[in-house]
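**Student:** whatever this is, show me its structure:
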Amino acid sequence: MSGSDRDLVFAALADEHRRLLLDRLRLENGRTLAQLCIGLAISRQAVTKHLNVLEEAGLVLSRRRGRERLHFLNPVPIHAVAMRWLQPFDSLSLGALAEDD
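**Tutor:** This next block holds a predicted model:
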């Protein structure tokens, strides 16, 4: 994964609405736009824009089924970012934070 690809993933994950869309797809993959919009406080057009950002980052893949477009979570970019950027922080000692002054 290139640096620019990682930047797209981090930028996509930075927005709470996009993270919510990813959570919904994680719970039930292959949802339509209408299904993803249910209960959201943002417009259908805003959801479409967020899905486009997620697709550009490779986090969501879509496929047409008749007149509908189904959206699927692609966890590969999240895993790649986690392995490269987040996992190394797991090995850091948190003891310094627990020490009294």
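
**Student:** tell me if residue 81 really is in a helix.
**Tutor:** Yes - judged by DSSP: H, G, I helix; E, B strand; the rest coil, residue 81 forms part of a helix.

**Student:** what's the burial count for it?
**Tutor:** Around residue 81 sit 19 other residues, with neighbours defined as other CB atoms under 10 Å. (C-beta placed from N, C-alpha, C; glycine too.)

**Student:** from residue 36, how far off is it?
**Tutor:** 23 Å (CB to CB, to the nearest Å).

**Student:** repeat for residue 46
**Tutor:** 11 Å.

**Student:** neighbour-wise, which of the two wins?
**Tutor:** Counted by other CB under 10 Å, residue 46 and residue 36 do not tie: residue 36 has more neighbours, with 21 against 13.

**Student:** helix, strand or coil: sort out that one for me.
**Tutor:** helix.

**Student:** quick one: it and residue 70 touch, right?
**Tutor:** No - the pair residue 36 and residue 70 does not pass the contact test of CB atoms under 8 Å, sitting 10.3 Å apart.

**Student:** element containing residue 69, please.
**Tutor:** Taking DSSP states H and E as the criterion, residue 69 maps to strand 68-73.

**Student:** which helices and strands does that strand pack with?
**Tutor:** helix 16-27, helix 33-37, strand 60-65 (3 or more CB pairs under 8 Å, 6 or more residues apart in numbering; DSSP states H and E).

**Student:** ok and it relative to strand 60-65, angle-wise?
**Tutor:** Relative orientation of strand 68-73 versus strand 60-65 (axes from the mean of the first three to the mean of the last three CA atoms, to 10 degrees): 150 degrees.

**Student:** what sits up against strand 68-73?
**Tutor:** Strand 68-73 is contacted by residues 22, 25-26, 29-33, 36, 51, 59-64 when judged by CB atoms under 8 Å, 6 or more residues apart in numbering.

**Student:** kind regards, and thank you for your time.
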